[in-house]
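Undergrad: Dropping the sequence and predicted coords here.
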Amino acid sequence: MMDLTEMAARAAEELRQAAAAVDPAQMAALVAELAASRRVVLYGVGREGLMMRALAMRLYHLGLDAHVVGDMACPPIGPGDLLVVSAGPGGFSTVAALTGVAKGAGARVACVTAQPGGAAAKASDLVLVIPAQTMANDRGAAASLLPMGSVFEGAQFLVFELLVLTLRDHVGTNAVAMRARHTNLE
């Protein structure tokens, strides 16, 4: 059995490898799409959904009009808007349904996934692949130390923070302005 220090080092290395393997062109395309969008709406299920909520918060801090599907204050989506969905293992029925609604309303769709050949990626206008273990491939000798989709979800957090840093420069804001948009109701 590994001790805590060894487990932490191995888990951190798995997250580092996944984040480092993201295609810079895909990241740049998503940054440009986010910056150009009138409104951004985000969606994910389970723990992926938590990472999408974290990204929505940071997009708001950057000054973007960002919302999460299912929140009572989420506005309608339409032309000029972007729906960003998470489908690590390739697809979910809710992601497919929401993608259809968004495209039918004239919005564009971006998918964050570990499975670029999955249904969600194929139905999207652009894709950001984070090559990491999900529940689609969490069995066998090559399985991660971390359970199920934890590597993908952890890598999402790291990749999203790097995306925010890149987007911050792209939209011309800074850490002071971001902090000023942070809630004071905590």
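TA: Structure's in. What do you need?
Undergrad: what helices or strands is the longest helix seen in the chain leaning on?
TA: Ordering each helix of the chain by length in residues (DSSP state H) puts helix 150-171 first. The helices and strands touching helix 150-171, judged by 3 or more C-beta pairs under 8 Å, 6 or more residues apart in numbering; DSSP states H and E, are helix 4-20, helix 24-36, helix 46-61. From N, CA and C alone the C-beta is placed, and that goes for glycine too.
Undergrad: May I have the helix or strand just after it as CSV, with CA atoms only?
TA: Downstream of helix 150-171, the first helix or strand assigned by DSSP states H and E is helix 175-180. Presented in CSV, the C-alpha positions along helix 175-180 are these (Å, rounded to 0.1, in the frame of the first residue of the first chain):
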residue,chain,number,x,y,z
ALA,A,175,-7.0,39.7,-11.4
VAL,A,176,-8.1,43.0,-9.7
ALA,A,177,-11.2,43.3,-11.9
MET,A,178,-12.0,39.6,-11.5
ARG,A,179,-11.8,40.0,-7.7
ALA,A,180,-14.1,43.0,-7.8
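Undergrad: quick one on the thing from earlier: and of the helices and strands packed on helix 150-171, who's closest to Pro131?
TA: Between Pro131 and the helices and strands packed on helix 150-171, the tightest spacing by C-beta to C-beta is seen for helix 4-20, at 6.0 Å.
Undergrad: which parts of the closest one are buried?
TA: Neighbour counts over helix 4-20 (16 or more other C-beta atoms under 10 Å) mark Ala11, Glu14, Leu15, Ala18, Ala19 as buried.
Undergrad: Identify, from these, the entry nearest to Gly78.
TA: Ala19 (32.7 Å).
Undergrad: hang on, isn't Ala121 packed against Cys111?
TA: Yes - counting by C-beta atoms under 8 Å, Ala121 touches Cys111, with 5.0 Å between them.
Undergrad: which neighbours do these two share?
TA: Both Ala121 and Cys111 are contacted by Ala87, Val127, under the criterion C-beta atoms under 8 Å, 6 or more residues apart in numbering.
Undergrad: Those two: which has the busier surroundings?
TA: Shown here are Ala121 and Cys111; by other C-beta atoms under 10 Å, Cys111 has more neighbours (28 against 22).
Undergrad: Perfect, that will be all.
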